[in-house]
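Colleague: Quick one, what's the 3D model for this:
(one chain, ligands or ions: 2)
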Amino acid sequence: MKKNHIAVWENCLKIIKDNVHYQSFKTWFEPINPVKLENNVLTIQVPSQFFYEWLEEHYINLLKKTIKKELGMEGRLEYSIIMDNTFDDKSPYTINVPTANKKAIKNPSVTMPIDLNKGQSKDIPNPFIIPGLKKLKVQSQLVDSYSFENFIEGDCNRLARSAGYAVSENPGKTAFNPLLIYSDVGLGKTHLAHAIGIQAKNNFPDITVLYVSTEQFIAQYIESVRNNNQNDFVHFYQMIDLLIVDDIQFLSGKEKTQDVFFHIFNHLHQKGKQIVITSDKPPVEMKGMEPRLLSRFKWGLAADLQVPDLETRIAILQKRLYSDGIEMPKDVVEYLAYSITTNIRELEGALISILAQSSLNKKPITIELAKQMIDKFVKNTTREISIDYIQKVVCDYFDLPLDVINSKTRKREIVQARQLSMYFAKKHTKASLATIGLHCGNKDHATVLHACRTVNNLIDTDKQFRSYVEELDKKIKL
Ligand code: ADP
Ligand code: MG
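Modeller: Numbering: from 1, shown residues only. Ligands and ions are numbered 1, 2, ... in the order given. Sure thing, here's the model as predicted:
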């Protein structure tokens, strides 16, 4: 009859109950969940690292005897440890820690990320050594939808994307180690980092891939210091074959954590393991990082993600709509892609808002709806009126070529266009008078001040001029 993990564990519990105090049984054995039974290996889930260590320290003999009684001489026990539940993350890590019997030890040089010498009496073989074939199981924390498949290629990301792809085909074996991906927010670093992990796992199912945000890494480290098990922390990371650390800039100023990361980095790199890092800046511009760590970051390849061009933005939206099975008029998609230029996350945010608006209010998705929404969306977020933009609106309005603003001409209409540009720049941007002057024909701040006064005077005295200004103001704010 095929044995089932629940029944086997129930039988084990009966034996254990007879051999430990009632309170100990309640504390250390009741919380355990049997997870599975495969090839005579019973996997039990324990709530924490500490819990696991306690069991191994105090009950190893009892557990071994019990398992042998239930599963025979070949019987073994594996732990699945819920690594940490103090993070806000929904999915805690679990690692499986096999306990081997003497015969099963084939590869004694590989050790687990656990303090091996704790509480072992001499005649018991070290139970934490992984038998040859067994591999540390780590939950990779990869998000399926962040795949290469869903990552649109464009001029803006070609280098980073293909380097990432090469890494996933050959982790640790390319010159791109570490691979550092950097960009401003919302341009796809996290997505690409996951894609590398997913693809590498597809190519090499046996490798251990871990995605970790730098915040998580720091929190884990702090926790390990608190629990006085930094070694476990370091060992755990040193077991990873492909380590992806997102937003490394958060290590800035954190010397201790940098130090630990430095050692993990070196260990992995030396062993030919792959490291992928993302950051909001290239290494040369990173602040608050130890020079020796920075110099490591420069060993491999640093590739950036740039703002996508219009075609790429449209393709990203279309891909998104397609995979969600939603239809949207083409002109609306284009309008969105045209209006939101600097941040893909905001672009997707706008798309979702429009979909929500239309389904909540039962309105069709039209360009008008998109416009209303973009007005709200874009004004609150990215759009800043620039001096260049003001000059363009003013020149368009008076039908003048843009470069006249910076020319030396003193023709009346051009002087006026220049003065209006200065006036609106003062009104709508945070630029100083000096900066405005510099950008409007290389003038000094006094000239800008004079221009503003002149425009104000004309508004008060000249009706025609005032209507120009009002119309222009509307166009600039549009
Ligand atoms: P970052 O980490 O740089 O702040 P993310 O990776 O979180 O940016 O990307 C923001 C959003 O934009 C995500 O939803 C991501 O899927 C999407 N995105 C970014 N780049 C692309 C791309 N090239 N193709 C498709 N979607 C993308
Ligand atoms: Mg990110």
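Colleague: Strands of this protein, start to end?
Modeller: Counting by DSSP state E, one finds strands in the chain at the ranges 33-38, 41-46, 76-82, 94-99, 179-182, 209-213, 242-246, 274-279, 301-304.
Colleague: Give me the sheet partners of the longest one and which way each runs.
Modeller: Strand 76-82 pairs in its sheet with strand 41-46 (parallel), strand 94-99 (antiparallel), by DSSP bridges.
Colleague: between the ones you listed, which gets the lowest average pLDDT?
Modeller: Per-stretch mean pLDDT for the strands paired with strand 76-82 is lowest at strand 94-99 (a mean of 51).
Colleague: Show me which residues of the stretch 201-350 of the chain are close to ligand 1?
Modeller: For the stretch 201-350 of the chain, the residues in contact with ligand 1 (CB under 6 Å from any ligand atom) are 316, 344, 345, 348. The way it works is simple: take the backbone N, C-alpha and C, and place the C-beta from them, glycine included.
Colleague: for the nearest residue to the second one once chain neighbours are set aside, what are its contacts?
Modeller: When the adjacent residues along the chain are set aside, residue 344 lies closest to residue 186, with 5.4 Å between them (CB to CB, 6 or more residues apart in numbering). Residues in contact with residue 186 (CB atoms under 8 Å, 6 or more residues apart in numbering) are 342, 343, 344, 345, 346.
Colleague: Please give me every residue in contact with the nearest residue to residue 319 once chain neighbours are set aside.
Modeller: Nearest in space to residue 319, with sequence neighbours left out and distances taken as CB to CB, 6+ apart, is residue 152 at 5.8 Å. Residue 152 is in contact with 308, 312, 315, 316, 319, counting by CB under 8 Å, 6+ apart.
Colleague: So for the last one, what pLDDT did the model give?
Modeller: Note on residue 319: pLDDT of 94.
Colleague: ok, it to residue 354 distance?
Modeller: Note on residue 319: its distance to residue 354, by CB to CB, to the nearest Å, is 16 Å.
Colleague: Between the two, tell me which one has more neighbours.
Modeller: Counted by other CB atoms under 10 Å, residue 319 and residue 354 do not tie: residue 354 has more neighbours, with 24 against 14.
Colleague: is it true that that one touches residue 371?
Modeller: No - checked against CB atoms under 8 Å, the pair residue 354 and residue 371 is beyond contact range at 10.3 Å.
Colleague: Show me where the stretch 301-450 of the chain has its helices.
Modeller: For the stretch 301-450 of the chain, applying DSSP state H, counting those that start in this stretch gives helices covering 310-324, 330-339, 344-360, 367-380, 387-398, 412-428, 433-439, 445-461.
Colleague: now for the shortest one, which elements pack on it?
Modeller: It stands for helix 433-439. helix 387-398, helix 412-428, helix 445-461 (3 or more CB pairs under 8 Å, 6 or more residues apart in numbering; DSSP states H and E).
Colleague: what would those look like in a markdown table with mean pLDDT, distance to residue 15 and mean neighbour count?
Modeller: As requested, the helices and strands packed on helix 433-439 are arranged in a markdown table below (pLDDT from 0 to 100; distance: least, CB to CB, whole Å; neighbours: other CB atoms under 10 Å):
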| stretch | mean pLDDT | distance to residue 15 | mean neighbour count |
| --- | --- | --- | --- |
| helix 387-398 | 89 | 78 | 19 |
| helix 412-428 | 93 | 79 | 21 |
| helix 445-461 | 94 | 88 | 16 |
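Colleague: Show me the one of those helices that comes nearest ligand 1.
Modeller: Across these, ligand 1 has its closest neighbour in helix 387-398 (25.0 Å, CB to the nearest ligand atom).
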